[in-house]
Every structure is written in C-alpha cells, then in structure tokens.
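Peer 1: can't give you the sequence, but here's the structure:
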C-alpha cells in the first residue's frame, strides 16, 4: 500500500504521516528509501566530505524518527527532513576543527583527476570558502540559503517548512545573499 | 538536475549582483550533487531498527487532527475541543448526580460517585445531600462549603460516615476532567 502511494508523486502525505506518528516502521522505511538521496546531497553540499555527509544523513533520519510526533504537517516531509539535516550539518561543522578541512581538498582531487593539481586545489579552496561563508551566516539567513540552494527547495517550500511568511523568507534570502556577496566578489577576482 | 532553478523574480527586486551570487551558489550545488553510496539507505534503516519502538499516545488521534489546521481554524478547533471537554465533564457530573439521586431513592446508602469532595481533608458530614435541585453545582465548589446544602433527612444522617472509605477511589471522574484538558491545551 505504501509503495503504491509513494509511486504517485502527487499523493497527499496525510495517511503516511499518520502511520509514521503511529510508529509504523514500514512507512518510515519508505521515507528513508525515497528521501535518502536529497538529504545526502544537501549534507554533502554543506559538509563537503562524503563520509561526513553519510554520517549526518543517518543521524538526521534517526533524529526525524525520534521526533516524528512533533512534525506539524505544515510543509512537506522532505522539507522537514532537510531542515533537520541542515541543522545537524551546521552543528557538525561547528564541531569540526579547522585543520581537518584539508580532507575536503583531497576529496576535490579525487573528483577531478584530469585537472592540474594546483587548479583543483584552488577550486577546492573556493568551495571551502563558499561552505564556510554560508555556515557563518546568522541563523535565519543561513537556514533559508541552505534550504533554498543546498536543499534544492523552492521559496514556497521553504516558507511552508519553516512556518514563515513567503515575504519574510524572501527578505531572509536577499539578506543572506547580500552577506555572501563579498565571498563571490573575491572568487571573481581570482 | 536542479528541481527549482533560481529565478530572477525570487527577490522581488532587480539586483544583478545578488542574482550572480545566487547563480554561483546554484552552480556550486550542482557540482556537489553526487548520489549516496548504495548501502546508505540500508545502513540508515538498520539504525532505525535499533531504535526503541515508538508508540503513539492515546491522545494522538485528537491532536493529529489539529496539526493540519493553521491560524484561526486551529484556534476554533482547539476551542471546540475545550468546549467539548467541559460539556462532557458537565454531562458526566449530571449523570452522576442523577445516579446518586436514584440510588438515594432506592436504598438509603449513598453511592460513592455522589461525593464530589476530592480533597480528603473535607469533612464528609453533609455530603450526602439529596438536594432538591439537580444543578451540576457539585463540580463547582466541592470542598469549600459543604454546609450550604440543606440538612439531610434523618434517615440519611445515619449514613453520613459510610462513604468515607471510598472517596479517594472515586475522585477519578473529577480528576479525569483535568486530564482531558491537558492534551487539548497542548494540541
């Protein structure tokens, strides 16, 4: 039954959410199956390292399972999961020691083996700067920017998920982008 | 790959600089859109399986209906639940009162349900009141002024002390009213 429901993209989540709240593990298994990719991608974009992204993706689903009773049905299940995941990611970033970020450069080298090492290193550094700049934003702006670009959500979805009016979300996005402008200006200078 | 490409109208203003920043973020995200490793979903599921089983509370069906509502509709629904709880409590009190009266009429031993004195400190002496008016005032002030009720008939005087052992057992319905209001307020 659940599988058929999931296959239909336009299906309302209501019945599934009711099953999740009732502690139905099968229903949650389908949520995991369907949303792991989007949650993992968001984590990877924020954290930069695949291994960390895997860990935080798992932590996020476990946190969501524990907190499913608090889900308020005001947005999509995916949005709720992505919100949990982005928070977990920024928490993980805050715990990370600066020296450990060297691992992300190595990851960049692995991804693009055809390019010159120096260019790859510079690109990886630039990616680090983008991640660090987003992570350094104040919270409402950081959350909106992360959900919009790293979580690949529309502004309407962000508004629904966060429970904020759409115009407030637009303002948060604009202010977040304004604060990121210097980072990208320096990118252009390179 | 991007489900929601950035649009120039998202900020409700024309600002090529901010559009460029948004474009850079979008490009960065597109470059980091790898698929998760194959075993990740299974690993997550195993972690979920290790979690203790969740069980919904008895109030879940009530609060679940409220969660989908927003703003005024939610307030109205919460108020309706509150009114329903109060009306239910009053109806229960009324039923208890009637049952008590029936019992008093049939056998002079008062039913334990009659005694609304929840606090054990209240003196139980006049609590057997076969009041002529069936008003639900039993729930209003059960312990403060038991002497207000008219004096019972002589035959009831003998039974005055009998309900004492069962008072604590049957203070439940009164307490149940309070319990019901909790989840309603929380929802």
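Peer 2: Now that the structure is in, tell me what you want to look at. Keep in mind that what you see is a predicted model, and the values were worked out from it rather than measured. Numbering: from 1, shown residues only, chains lettered A, B, ... in the order given.
Peer 1: going forward, measure contacts between C-alpha atoms and count neighbours the same way
Peer 2: Fine.
Peer 1: So which bits of chain A are right by chain B?
Peer 2: A:18, A:21-23, A:29, A:32-33, A:36-37, A:40-41, A:44-45, A:54, A:58, A:61-62, A:65-66, A:69, A:72-74, A:127, A:130, A:149-150, A:152-155, A:170-171, A:173-174, A:177-178, A:180-181, A:184 (C-alpha under 8 Å from any C-alpha of the partner chain).
Peer 1: The same query, at a cut-off of 6 Å, please.
Peer 2: Applying C-alpha under 6 Å from any C-alpha of the partner chain, we find that chain A lies next to chain B at A:22-23, A:37, A:41, A:45, A:58, A:62, A:72-73, A:149-150, A:154, A:170, A:177.
Peer 1: Over to the residue minimising distance to the centre of chain A. Which of the three states is it?
Peer 2: The centroid of chain A falls nearest to residue A:42 when counting by C-alpha atoms, centre = their mean (3.2 Å). Of the three states, residue A:42 takes helix under DSSP: H, G, I helix; E, B strand; the rest coil.
Peer 1: Count residues in the vicinity of residue B:7, would you?
Peer 2: Applying other C-alpha atoms under 10 Å in any protein chain shown, we find 10 residues neighbouring residue B:7.
Peer 1: again, but for residue B:3
Peer 2: 9.
Peer 1: and if you look at residue A:125?
Peer 2: Neighbours of residue A:125 using other C-alpha under 10 Å come to 17.
Peer 1: again with residue A:163
Peer 2: By other C-alpha under 10 Å, 13 other residues sit near residue A:163.
Peer 1: now it: how far from residue A:42?
Peer 2: Between residue A:163 and residue A:42 the computed distance is 20 Å (C-alpha to C-alpha, to the nearest Å).
Peer 1: Kindly report the same for residue B:40.
Peer 2: On the measure of C-alpha to C-alpha, residue B:40 and residue A:42 end up 15 Å apart.
Peer 1: Give me the buried stretch members for the host helix or strand of residue A:78, please.
Peer 2: Assessed by DSSP states H and E, residue A:78 sits inside helix A:77-95. Neighbour-count burial for helix A:77-95 flags A:77-90, A:93 (criterion: 16 or more other C-alpha atoms under 10 Å in any protein chain shown).
Peer 1: so how far is that helix off the chain centroid?
Peer 2: 6 Å (C-alpha atoms, centre = their mean, to the nearest Å).
Peer 1: Where does the prediction get shaky in chain A?
Peer 2: Applying pLDDT under 70 to chain A flags residues A:1-12, A:97-123, A:186-190.
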